[in-house]
Structure formats: C-alpha cells, structure tokens
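I would like to see how this sequence folds:
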Amino acid sequence: MSRIGKQPIPLPKGVKATFEDGILTVTGSGGTLKRAIHPGVRLELNSQEIRVYPRDDSRANRPFWGLTGALVANMVTGVSEGFTRKLEIEGKGYKVEAKEGRLVFSLGYSHPVEYALPAGIKAEVEKANRLTLHGADKETVGQVAANIRRLRPAEPYKGKGIKYAGEVLHRKVGKAGSR
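Alright, predicted model coming up:
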C-alpha cells in the first residue's frame, strides 16, 4: 500500500483538472501543465480533489501508484504556487546578467557563456551573483538549475563556481607548500 498514493490531492481555488485519453491537464493561475498518466493507474477527479488508485494489485502497478500521486500533487502545486530554485555565484569577476529570454554568465572563461531559458521558466538576477529561477513545472525548474550549475560547478579548494543557495561545500585543504 502506498502511503503517498492513498492521500487525496486537494485542488485549490482557481485550479481545474481534466483527464482525457490518458493525459491529465491541470490549469491554474501559474499556467497549464499536461502529463501522460501510466496505464496501470486510474484517477478519480471531482471539483475539490484528485484521487489516485492502482488498476489492480499487481506487483508491476504498485510502484506507479505513489509516483503518480506525487507527480499530480507537484502539477497542482506548480499551477497554483509555482516552484523556485536559487543559485549563488562565487568567485572574483563571476557574474550573471539577464537578457531577453537568456542568461549571460561571466565564469572565468575566455568568453561569456550564454544559456537560453526554456519556455515557462523565468529568471531574476539579484546583485549579479544571485539567480532565482521560477516556473510551474518542478521537473523543468530543477533541470534548468542543474544545467546552469554544470556550467561551472563550485570547486572544493576556493569555493569558486555556481552552487545552490544553502548548499554546503566540503572544503579541502590545499598543498602545504615548501618551507
């Protein structure tokens, strides 16, 4: 029995959900999200909540019960509140600028690095070294943050690079040097 799958997913005011031909569509103030639902799971929708049930109690369908419940809950949260991911850039001369639909990074390379933002993702730059990503789809926001971090991951000796806000870096001691 899935503890996550058993929980009903409440629909906040202003959020509507439809399920047709195996595709769940959730619409709210934050936009519209669509997702194909695994055929081993069935959904029951009404105006106040969504409930997820397995089609049968087979060993193959049980894992998709909780997964589908979590994915549907993330869709509802995304269109009503949205998701945010914060990144910090550390290093002398390292910075980021937002330009129409893309981000331009100065990360110590011989050239600026440009990153095009996908549809549905908005970026805010604070003080040239803090970046906040906003979007309705949790998966897309997390993947964009990971792709940006991969441009120059924070290194363990000086801590220079891009890291998530609140991420703890395990710093290493450098060479002892000669006497």
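
going forward, measure contacts and count neighbours with C-alpha atoms only.
OK.

Only the buried residues of the helix or strand of the chain with the lowest mean pLDDT, if you could.
One helix or strand of the chain scores below all others by mean pLDDT, DSSP states H and E: helix 3-6, with a mean of 83. The neighbour-count check on helix 3-6 (16 or more other CA atoms under 10 Å) flags 4-5 as buried.

what residues does that helix touch?
When contacts are defined by CA atoms under 8 Å, 6 or more residues apart in numbering, helix 3-6 is touched by residues 51-53, 65-70.

what sits against residue 70?
4-5.

What's the mean pLDDT across the lengthiest helix in the chain?
Using DSSP state H, we find that the single longest helix of the chain is helix 62-80. Mean pLDDT, helix 62-80: 93.

gap between the very next helix or strand once past that helix and the chain center?
Following helix 62-80 in sequence order, the next helix or strand is strand 83-90 (DSSP states H and E). Taking the mean of its C-alpha atoms, strand 83-90 sits 11 Å from the chain's own mean (CA atoms, centre = their mean, to the nearest Å).

I'd like the next helix or strand past strand 83-90.
Using DSSP H and E, the first helix or strand after strand 83-90 is strand 95-99.

sorry, back to before: return the closest of the contacts of helix 3-6 with respect to residue 144.
For the contacts of helix 3-6, the closest approach to residue 144 (CA to CA) belongs to residue 70, at 20.3 Å.

And that closest one, how far from residue 143?
Residue 70 sits 18 Å away from residue 143, going by CA to CA, to the nearest Å.
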